[in-house]
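Trainee: What follows is a predicted protein model with its sequence.
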Amino acid sequence: MVENRKKMVEVKHLDITFNKGRRNQTLAVQNTSFDIFEGETFGLVGESGSGKTTIGRTIMKLYEPSAGEVLYDGTNVHDIKKKADLKQFHQDVQMIFQDPQASLDLRMKVKDIVAEGLDANGLVSGKDERDRIVEEMLETVGLKKEHANRYPHEFSGGQRQRIGIARALAMNPKFIIADEPISALDVSIQAQVVNLMQKLQEERNLTYLFIAHDLSMVKYISDRIGVLHWGKMVEIGTSDEVYNHPLHDYTRSLLSSIPEPDPEIEKAREPIIYDPTREMDGKERHMIEVAPEHFVWATEEEVPMYQERAREFGLI
Amino acid sequence: MTEKILEVNDLKINFNTDSGTVQAIRDVYFDLKPGETLALVGESGSGKSVTTRALMGLLAKNARIERGSVQFKGKELIDLPEDEYRDIRGSEIAMIFQDPMTSLDPTMKIGQQIAEPLIKHQKMGKKEAWDKALDMMNLVGIPNAEAHINDYPHQFSGGMRQRIVIAIALIDNPEVLIADEPTTALDVTIQAQILDLMKKIQKEFGTSIIFITHDLGVVAGMADRVAVMYAGQIVEIGTIDEIYGFPQHPYTWGLLNSMPTTQTDRGSLEAIPGTPPDLLNPPVGDAFAARNQYALAIDEKQQPPYFQLSPTHFAATWLLDEQAPEVVPPLTVRQRWAKYQQAHPDASNKHAKPVEASAILAR
């Protein structure tokens, strides 16, 4: 089964350094590798500053990696130089942002926002076709075609996020990077947007990279999950396995902090505090497949310990 | 009956805007006892922040308090002169906000920011006030406090800044602490630490807390009672066990049902459809009716009264009326009911009686 899946995105030994060569040089992402398969949702979780947004933007070609590479559909995205190829890439790969207020130009009408990518890439031939696509997209995301002539401030946060999704969909993308798409929304609206994203994924066979710090929503939407800590991927696995049987201590700590709407659970909650000392011992670590499709960032010496944990959970 | 520290009675607040009058708070009743934590839960625009700003005397200029009273230890706060309010605000009723950066002065050393209320309100000497500030920094868990007392806010992480804000809020030992989404901007692990800190402080000082949030998960371990707000009204209020275990208002159901837990199966998450009503022209009947799959015909015509389920539990929904048909709530809610009724065999929603809203205050 594993062999049959097509790799849509391959991130290989990615290093991203900011301010390289200067005093404030920061290694934002270190030696990170993961794949995203066609049609799946890959959830990227971690705290602020862990590098999740940086990785998303690097896949989008907004940052240059300092080492390693990102392959999209088999091609290194940072080698895409020809105009036609770039155009295709920017059509295929779209992004949805956290704050719909900030990512929509308040002086533009909804129809111009939705058609922005089409216009920039010269993808529509006339006004009629443009209007037709805009209307179709608005209806696809649960808005009305009459909304096309309004301005973003006339909409609620959830509706604005729908406009952002319509703008991405208008390009007929294959792969969408959703960077905290629901974090700024009310709980009752979050579920609407997540359900919409799942519906669109099924209808259009979309592939998602879903970046978030809300762990229960990531668990809900993702097929597989990668856990980032301080720029390093510490664990990758199916979402059920990572949540129910976390192997790395950091993942365990993160999961122990998710609040649940249940007073009994909450009153008994004892958050596990993560001790990063071991992580800082300077030893070389690699992603090691401890159980089938379940990877942990470990030294050779740590492997037996993680295998023991996996055995306790019955994973191997 | 223990003495109440705060009582909000029939509060109604309108905002005058260019497009007309927005009825932001519509007939709100609640109270707070010493050492108690009350959670105000609702979406943006439900009126939770406006309510607390009214308590702090910090309403915007275009706000008009139409009627109602807010009593703090028996003293009426509505229309209190500003100079008298200044003695209460910050020292007896303190507030912490969502984004710590907005309440910290970026150009002022944090030691000074924490000590300032003591110097201003209690006329304490500088040396003594700074010593107290240092104690408070240790209490809220700022590591190596002595070395950082002269640092500026930008030198701290988000979680540490929120601890500083809490230190400022608590330095005067207020009786009521209003926390407006205090952990929403923080990472989950930091959120857990801040919630722990707030619980610890409450135990130590006996502070009463009003905790505002849109996330029912966050307050499940914090609150003693929960008031669910929708479109400027409290639609359901009860003890924490009543709201999470035996919820009655379809909006509360929707809120509980639209949050995935780590156990929720793919494809089974039910969102509340639509968006909250426009409070320029609030709907005639039940404000939630348009989004409510359990709405009855009467919901369109007449606003439901509060139905009382226990001395502490009230819900404003026609579903509790004796003539209402029996409805089947969402699965996750039925599971909550079953578990609650096992622990409380007498719990029933069959005999809830309509009561005056002021009955909320008579517990």
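Mentor: All right, it came through fine.
Trainee: Quick one: check stretch A:88-99 for contact with chain B.
Mentor: No - shown here: stretch A:88-99 not in contact with chain B (CB under 8 Å from any CB of the partner chain), separated by at least 12.1 Å. Heads up, the C-betas are built off the backbone N, CA and C, glycines and all.
Trainee: Pull the number of nearby residues for whichever residue of the stretch 1-150 of chain B sits closest to chain A.
Mentor: Chain A sits closest to residue B:43 of the stretch 1-150 of chain B, with a gap of 3.9 Å, by CB to the nearest CB. By the criterion of other CB atoms under 10 Å in any protein chain shown, residue B:43 has 23 neighbours.
Trainee: residue contacts, it?
Mentor: For residue B:43, the contacting residues are A:186, A:187, A:188, A:189, B:214, B:230, B:276, by CB atoms under 8 Å, 6 or more residues apart in numbering or on different chains.
Trainee: Now do the SS call for the fourth one.
Mentor: Spelled out, that is residue A:189. helix (DSSP: H, G, I helix; E, B strand; the rest coil).
Trainee: and the contacts of residue B:43, which two are the farthest apart?
Mentor: Farthest pair in the contacts of residue B:43 (CB to CB) is A:189 and B:230. Separation: 13.6 Å.
Trainee: Confidence-wise, which helix or strand of chain A is lowest on average?
Mentor: helix A:100-103 (a mean of 78; mean pLDDT, DSSP states H and E).
Trainee: anything in that one sitting right up against chain B?
Mentor: No - Helix A:100-103 does not reach chain B (CB under 8 Å from any CB); its nearest approach is 11.8 Å.
Trainee: Provide the contact partners of that helix at residue level.
Mentor: Identification of contacts with helix A:100-103 by CB under 8 Å, 6+ apart yields A:97, A:152, A:157, A:160, A:161, A:163, A:164, A:184.
Trainee: go with 10 Å
Mentor: Residues from elsewhere that reach helix A:100-103 (CB atoms under 10 Å, 6 or more residues apart in numbering or on different chains): A:95-97, A:113, A:152-153, A:155-165, A:167, A:179, A:181, A:184-185, A:193.
Trainee: Quick one: buried ones out of those residues?
Mentor: A:95-97, A:113, A:152, A:155-165, A:167, A:179, A:181, A:184-185, A:193 (16 or more other CB atoms under 10 Å in any protein chain shown).
Trainee: Pretty sure residue B:308 sits against residue B:354.
Mentor: Yes - taking contacts as CB atoms under 10 Å, residue B:308 lies within contact range of residue B:354: 7.9 Å.
Trainee: Overlap in contacts, those two.
Mentor: Common contacts of residue B:308 and residue B:354, defined by CB under 10 Å, 6+ apart, comprise residue B:320.
Trainee: count of neighbours near the closest residue to residue B:125 other than its chain neighbours?
Mentor: Distances taken as CB to CB, 6 or more residues apart in numbering or on different chains place residue B:119 nearest to residue B:125, at 7.9 Å, with adjacent residues excluded. Per other CB under 10 Å, the neighbour tally for residue B:119 reads 16.
Trainee: so residue B:57 touches residue B:83, yeah?
Mentor: No - using CB under 10 Å, residue B:57 makes no contact with residue B:83, being 11.3 Å away.
Trainee: and the closest residue to chain A within the stretch 201-350 of chain B, how far is that from residue B:260?
Mentor: Per CB to the nearest CB, residue B:221 is where the stretch 201-350 of chain B lies closest to chain A, at 2.8 Å. In this view, residue B:221 and residue B:260 are 18 Å apart by CB to CB, to the nearest Å.
Trainee: Let me know whether the residue of the stretch 201-350 of chain B closest to chain A touches residue B:191 as I believe.
Mentor: No - look at residue B:221 against residue B:191 with CB under 10 Å: they stay out of range, at 11.3 Å.
Trainee: Which one's more surrounded, those two?
Mentor: Neighbours were counted for residue B:221 and for residue B:191 using other CB under 10 Å; residue B:191 has more, 24 against 21.
Trainee: Excluding chain neighbours, what is closest to the more buried one?
Mentor: residue B:183 (4.0 Å).
Trainee: Tell me, what's the model's pLDDT at that neighbour?
Mentor: According to the prediction, residue B:183 has pLDDT 88.
Trainee: Helix, strand, or coil at residue B:123?
Mentor: Going by three-state DSSP: residue B:123 is coil.
Trainee: should've said residue B:264
Mentor: Once three-state DSSP is applied, residue B:264 turns out coil.
Trainee: give me every residue that touches the nearest residue to it once chain neighbours are set aside.
Mentor: Leaving aside its chain neighbours, residue B:264 sits nearest to residue A:220 (5.5 Å; criterion: CB to CB, 6+ apart). Residues in contact with residue A:220 (CB under 10 Å, 6+ apart) are A:41, A:43, A:191, A:194, A:198, A:214, A:239, A:243, B:259-269.
Trainee: ok so, going back, what's the overlap in contacts for residue B:221 and residue B:191?
Mentor: Contact criterion CB under 10 Å, 6+ apart; residues shared by residue B:221 and residue B:191: residue A:259.
Trainee: any idea how far residue A:260 is from whichever residue of chain A sits closest to chain B?
Mentor: Using CB to the nearest CB, residue A:266 is the residue of chain A that sits closest to chain B, at 2.8 Å. Separation of residue A:266 from residue A:260 (CB to CB) stands at 7 Å.
Trainee: Tell me the residues that contact both of the two, please.
Mentor: In contact with both residue A:266 and residue A:260: B:217, B:220, B:221, using CB under 10 Å, 6+ apart.
Trainee: and of these, the nearest to residue B:94?
Mentor: residue B:221 (21.9 Å).
Trainee: thinking again about what came up before, what touches both of residue A:189 and residue B:230?
Mentor: B:43, B:276.
Trainee: Got phi/psi on the residue of the stretch 201-350 of chain B closest to chain A?
Mentor: As for residue B:221, its main-chain torsions (degrees, to the nearest 10) stand at phi -100, psi 0.
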